[in-house]
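A.B. asks: Task: produce atomic coordinates for the following.
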Amino acid sequence: MYDVAVIGGGPGGYVAAIKAAQLGGKVFLAEEKELGGTCLNWGCIPTKAMFHSAKLFSQANHGAQYGLVFEKLNLDYGKVAAHRSQVVETLVKGVHGLMKANSIDVAMGRATIPSVGKVKVGDREVEAKNIIIATGSSQGTPPIPGIDSPGVMTTDDILASEQLPQSLLVLGGGVVGVEFASIMSAFGVEVTLVEMLPGLLSTLDSELGRRLSVCMRKSGVTLHTNSKVCSIEEKDGQLEVEIETKKGRQQLTVEKVLLAAGRVPNLGGLDLEGLNIDHDRQGIKADKNMRTNVPGIYAIGDCVPGPMLAHVASHQGIVAAENIMGKETEMDYRVIPSCVFTLPEVASVGLSEEEARELGEVQVSKFPFAANGKALAQGATEGVVKMVANQEGVILGVHIVGAQASDLIAEGAVAVQQNMTAAQLAHIIHAHPTLSETVAEAAHGLSGGFIHFQNR
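C.D. replies: Reported below is the predicted structural model:
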């Protein structure tokens, strides 16, 4: 008899298993494909390995302004792919090691729940006092004629490829779409991005999408917002794509199309109806303790409604494990940082300016990277730190476009989580010269005035 059986070994499932084991539980984990799930094997990690290569290649291409002239700068995409694979392989081995170190019983194969308290993988059936469902999500496929044509790629396909296309149409302007558009453009691919909504990154503060659009167009990406793909047809080894824009219908010819229009909860193989687990198209319903309506069954990660982010799944896994092992814990969805690995990066935490204004009067401060010494020294002057606070100066949200935004946002998350005022943040000494000073300056802008930028 296990204390916990976890179905799914992604960033939610394997973290839940580790936490339960640390708290003294006997843990069983089932994974259908590979430990680490989508994030480690076909998402976050391989994409960031490619992003690093793209960033270095872009910097090298602009090296002349820093006194670095490369006579023959070549891109060996095969080695980019090899680096991507090696990073994934190393981390997957690390997760296997963590399972062993925590005495977690791992079974590879698709799991089912024959009845409450039982999990079956292949011919093996185990009993568990509690079950955590962490089955993740899968690529959504929009109903477009020709969407199954040869040359239409999923993110799994493009991350398994060792060759670059000459041209690529990215379908979707959310996080996944803009990341791949930015990376592929930096590698020299002719990129077109099509998004149905008025702007990019629609779930974040609208200013972030507007600023990123300017940066992406400058880098050579063709953007079509307020547009949709009507049909895709394979012809002579190319794809003819008809899109509808504000200016009417257009025909585009590209080598590949990348589907990046969102993901859907992966609930396949589980008889949720038979188990009477409450769910809908958005996923399995779970409370702040990650409990479902069925005692002894929990659900975490992309298979529950909410932000489909690896770090959210991991934290939900910790919450579920702690509740199972007798430590009452709740999820706090108020502070969830979002990071977008484009050139430049985008990051956001807390309320957007639009959301904050719905609650009352707000103050907004914007400090440009161009006024920061470190940013100027490394040629990373594009971007801004935007801070939103209420009339009392309490920081409600922090939104960043610029170099290392994914790292800088951690300070914003702490500030929002701790209900800090801008004055309190401004009076914390930040090292000089660092990009973190941009966050401090944004706080100064709300509490007396910028130091290194002319106050408006």
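A.B. asks: and Glu273, how many neighbours?
C.D. replies: 8 (other Cβ atoms under 10 Å). In this view, the C-beta of every residue, glycine as well, is placed from N, C-alpha and C.
A.B. asks: got the contact list for the helix or strand containing it?
C.D. replies: If you go by DSSP states H and E, Glu273 is part of helix 272-275. By Cβ atoms under 8 Å, 6 or more residues apart in numbering, the list of residues contacting helix 272-275 from outside reads Ile113, Ser115, Val116, His279, Ile284, Val294, Ile297.
A.B. asks: could you dump these to JSON lines with secondary structure?
C.D. replies: JSON lines is the format used below for the contacts of helix 272-275 (DSSP: H, G, I helix; E, B strand; the rest coil):
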{"residue": "Ile113", "secondary structure": "coil"}
{"residue": "Ser115", "secondary structure": "coil"}
{"residue": "Val116", "secondary structure": "coil"}
{"residue": "His279", "secondary structure": "strand"}
{"residue": "Ile284", "secondary structure": "strand"}
{"residue": "Val294", "secondary structure": "coil"}
{"residue": "Ile297", "secondary structure": "strand"}
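A.B. asks: Tell me the buried residues within these.
C.D. replies: Those of those that meet the buried threshold are Ile113, His279, Ile284, Val294, Ile297, by 16 or more other Cβ atoms under 10 Å.
A.B. asks: Can you name the residues that contact the first one?
C.D. replies: Counting by Cβ under 8 Å, 6+ apart, Ile113 touches Ile7, Val119, Lys120, Ile131, Leu270, Asp271, Leu275, Ile297.
A.B. asks: What is the longest helix anywhere in the chain packed up against?
C.D. replies: As assigned by DSSP state H, the longest helix anywhere in the chain is helix 77-101. Packing contacts for helix 77-101, counted by 3 or more Cβ pairs under 8 Å, 6 or more residues apart in numbering; DSSP states H and E, involve helix 13-22, helix 37-42, helix 44-61.
A.B. asks: Show residues contacting the longest strand that the chain contains.
C.D. replies: Of all the elements of type strand in the chain, the one with the most residues (DSSP state E) is strand 124-133. Strand 124-133 has contacts (Cβ under 8 Å, 6+ apart) with 1-8, 13, 16, 28, 107, 113-114, 116-120, 270, 284, 290, 292, 296-300, 303, 317, 320-321, 324.
A.B. asks: Quick check: PyMOL command selecting the buried ones in those residues.
C.D. replies: Buried residues within these, by 16+ other Cβ under 10 Å, are selected in PyMOL with:
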select buried, resi 2+3+4+5+6+7+8+13+16+28+107+113+117+119+120+270+284+290+292+297+298+299+300+303+317+320+321+324
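A.B. asks: from the contacts of strand 124-133, which ones fall inside strands?
C.D. replies: Among those, DSSP E puts 2-7, 28, 107, 118-120, 284, 297-299 in strands.
A.B. asks: nearest to Gly199, of those residues?
C.D. replies: Closest to Gly199 out of the ones in strands among the contacts of strand 124-133 is Ile284 (31.0 Å), distances taken as Cβ to Cβ.
A.B. asks: The closest one pairs with what?
C.D. replies: His279 (DSSP bridges).
A.B. asks: give the contact list for it.
C.D. replies: Ile133, Pro265, Leu267, Leu272, Ile277, Asp278, Thr292, Ala299, Cys303, Val304.
A.B. asks: Could you list the domains of the chain?
C.D. replies: 2-139+264-324, 152-261, 344-445 (automatic domain parsing).
A.B. asks: just to revisit the earlier point, tell me which residues are up against the longest helix of the chain.
C.D. replies: Counting by Cβ under 8 Å, 6+ apart, 9, 14, 17-18, 29, 34-36, 40-41, 45-46, 49-50, 53, 106, 159, 161-164, 187 sit against helix 77-101.
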